[in-house]
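> pasted the sequence and its predicted model underneath.
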Amino acid sequence: MRVWRAMGVLGATAGLLLGGLAGTASAAPAPSDDARCAPSTTTPLRQFRAQWISSVVNIDWPSKTGLTAAQQQTELIGWLDDAVRQNHNAVVLQVRPTADAFWPSKVEPWSQYLTGAQGGDPGYDPLKFAVAEAHKRNLELHAWFNPYRLSMGTNINALIPTHPARVHPDWVVTYGGKLYYNPGIPAARKLVEDAIMDAVSNYDIDGVHFDDYFYPYPVAGQVFDDAATYAQYGGGFPDLKSWRRNNIDLLIQELQGRIKAVKPWVKFGISPFAVWRNKATDPEGTDTTAGVQTYDDLAADTRRWVREEWIDYIVPQVYWAGGFAPADYNKIVPWWAEQVRGTHVHLYIGEATYKVGTSTQSPDWADPLELSDHMAFDSAIPEVKGNIFFSAKDVRANRLGATTLLNSTWYTRPALIPAMPALDSRPPLPPLGVQATRTTAGVELKWRRTSADATSYAVYRRELLGGDHCPDNDARNLVATTRKQSYVDTTATPGKLYLYSVTALDRLSNQSIPIPTITVR
């Protein structure tokens, strides 16, 4: 239970100080009536910003197998520091790429992408290390799991003898040059859920994340051989595809329930291929002519997951340029905005950074402004609450200078993670004893933690005289976020008077009232 006795006094004090300062600045209209106080679209206060850090076949991290523990850790710290420099506030780290683990799992073996040999102990706990280092930098860590992919090859004997797939070879389907668990076998589905819940239960992750792989993408001339499983378990379904969709629906629905039963604050998000169905297939679909439709080809009824609120956020991979006729970014994003409207599900957009300067799909990918244009388009759609970029190495590559352009236009300020009031809407108590002291390094702020649920803090700054005294409804005055109970503002101009305010945030980014303090000369 939270203690609220002090809230009235604290709130009144903060309101009087902030309001009084605004009133003495000039005889101009009140900030609420001043057009200058309209929230900025380029510096939103809340916006989800992340990149995918992919481990399968060593796409991003580790960069290759066989690195020492220290080398792997140094590489990961580099990716996290990249995120901080870009004013991101989360990372999406792949920790179960092929029915294996980047932690000492009780269910599945160590991933081969760590040491080069499945089951090989890397000499440390990568997931524990990743969570600690991300949180040290006040980044959310969303753990990314691939549910059914077993191997990037077809040789089941290449898996270690104790692998669940070796113990239960009847659960395995070979398709498209890879091995998969059969989603239609209830015991296989439970094992997948158990593997994920092992990480949820034992690590302080902020989210469980899936990408776009459910039933595998279609391969011409090949059949995913689950006819016998359908004959055994498919009673009551009109056809194979309906049964397959139900299998995936059960995975999503059951996993959401299991996550919330253990840790209600852990978010469950999915990043599907962006086309649910083409309009020619279903009038409720997108105005696209995509060659894949998740509903029909991957047995993934992504729209239903949103409507049923089985997930907390969805990140459609809108990996096409604006104006690309078969799948137009500028048509697909509004369609998804319509799907989430009226639900508690957040909409973030997956961005194809990997196509910049490399793809010949459309000439727009040769334009360094393409990704920035996506951000401009999204900024006019209230339902779009953030973006995730694929993948980390492509963000870092900065081809055509596209990353620099995007960051210098859209990510110039920090941003808070969007709150999820459906999970928890109670703000923590504010910090106490906020003090600002001039030092040779800048202005040093210190405060005390008030309530146990305060996870991080936001620091705002405005000039005391003649400055901006608008409400903090965007990030123009947001200097930093931190998990410490202190902050040194090295950008403060010597001799200037500043009004600082500090808020507390809980792990779902609910924000307390601000507690102000004034610098002295």
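Okay, I see it.
> mind listing what's buried in stretch 74-93?
75-76, 79-80, 82-83, 86-93 (16 or more other CB atoms under 10 Å). Where C-beta positions appear, they are placed from N, C-alpha and C, glycine not excepted.
> Ile513: how many residues sit nearby?
17 (other CB atoms under 10 Å).
> check Thr440 too.
With other CB under 10 Å as criterion, Thr440 counts 5.
> and it, what's its pLDDT?
Note for Thr440: predicted pLDDT of 93.
> separation between it and Thr491?
According to CB to CB, to the nearest Å, Thr440 stands 14 Å off from Thr491.
> before we move on, what about Ser54?
34 Å.
> any weak-confidence spans in the chain?
1-34, 521 (pLDDT under 70).
> so who does Asp296 touch?
241, 277, 281 (CB atoms under 8 Å, 6 or more residues apart in numbering).
> from those residues, which is closest to Tyr348?
Arg277 (21.2 Å; CB to CB).
> I'd say that closest one and Tyr295 touch.
Yes: contact criterion CB atoms under 8 Å: Arg277 and Tyr295 qualify, at 5.0 Å.
> just the ones in helices from the contacts of Asp296, please.
With helices taken from DSSP state H, the overlap with those comprises Lys241.
> who has more neighbours, Ser54 and Thr491?
Neighbours were counted for Ser54 and for Thr491 using other CB under 10 Å; Ser54 has more, 21 against 10.
> spit out the contact partners of the more buried one.
60-61, 94, 97, 390-392.
> apply 7 Å and report the result again.
By CB atoms under 7 Å, 6 or more residues apart in numbering, the contact set of Ser54 is 60, 94, 391.
> check Arg507 too.
265, 455.
> and of the contacts of Ser54, the nearest to Asn182?
Using CB to CB, those come closest to Asn182 at Gln94, 22.5 Å.
> what about the closest one, which SS state?
The three-state assignment at Gln94 reads strand, by DSSP: H, G, I helix; E, B strand; the rest coil.
> hmm, it is touching Trp144, no?
Yes: at 4.3 Å, Gln94 counts as touching Trp144 under the criterion of CB atoms under 7 Å.
> which neighbours do the two have in common?
Between them, Gln94 and Trp144 share no contacting residue, judged by CB under 7 Å, 6+ apart.
> okay, the contacts of Ser54 in a markdown table with distance to Lys178 and neighbour count next?
As requested, the contacts of Ser54 are exported to a markdown table (distance: CB to CB, whole Å; neighbours: other CB atoms under 10 Å):
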| residue | distance to Lys178 | neighbour count |
| --- | --- | --- |
| Asp60 | 20 | 23 |
| Gln94 | 16 | 23 |
| Ser391 | 20 | 20 |
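> redo those as JSON lines? Include distance to Gln112.
What follows is those, written out as JSON lines (distance: CB to CB, whole Å):
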{"residue": "Asp60", "distance to Gln112": "16"}
{"residue": "Gln94", "distance to Gln112": "13"}
{"residue": "Ser391", "distance to Gln112": "19"}
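> please, where are all the helices along the protein?
7-25, 69-85, 112-115, 126-136, 164-167, 186-202, 227-233, 240-262, 294-297, 302-307, 329-340, 370-379, 392-397, 402-410.
> for Tyr148, which of the ones you listed is the nearest?
helix 186-202 (6.7 Å).
> report the contact partners of Arg303.
276, 339 are the contacts of Arg303 under CB under 7 Å, 6+ apart.
> ok, it to Gly285 distance?
9 Å.
> which neighbours do those two share?
Trp276.
> quick check: Ile270 touching Gln317?
No: the criterion here is CB under 7 Å, and Ile270 misses it with Gln317 at 10.5 Å.
> more neighbours: which of these two?
Ile270 (23 against 20).
> so who does that one touch?
210, 305, 311, 314.
> who's the first one bridged to?
Beta-bridge pairing for Phe210 (DSSP bridges): Ile270.
> residues near it, how many?
22.
> next, the contact list for it, please.
With the criterion set at CB under 7 Å, 6+ apart, Phe210 makes contact with 145, 147, 270-271.
> what's the closest of those to Thr43?
Ser271 (25.5 Å).
> contacting residues for that closest one?
Ser271 touches 209-212, 315, 317, 350, counting by CB under 7 Å, 6+ apart.
> name the member of the contacts of Asp296 with the most neighbours.
Neighbour counts for these peak at Arg277, which has 21 neighbours (criterion: other CB under 10 Å).
> who's in contact with it?
Counted by CB under 7 Å, 6+ apart, Arg277 has contacts 285, 293, 295-296.
> tabulate these (a markdown table), appending distance to Trp110.
Converted to a markdown table, the contacts of Arg277 look like this (distance: CB to CB, whole Å):
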| residue | distance to Trp110 |
| --- | --- |
| Gly285 | 42 |
| Gln293 | 36 |
| Tyr295 | 36 |
| Asp296 | 36 |
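> and for Thr41, nearest residue in space, chain neighbours not counted?
Ser379 (4.3 Å; CB to CB, 6 or more residues apart in numbering).
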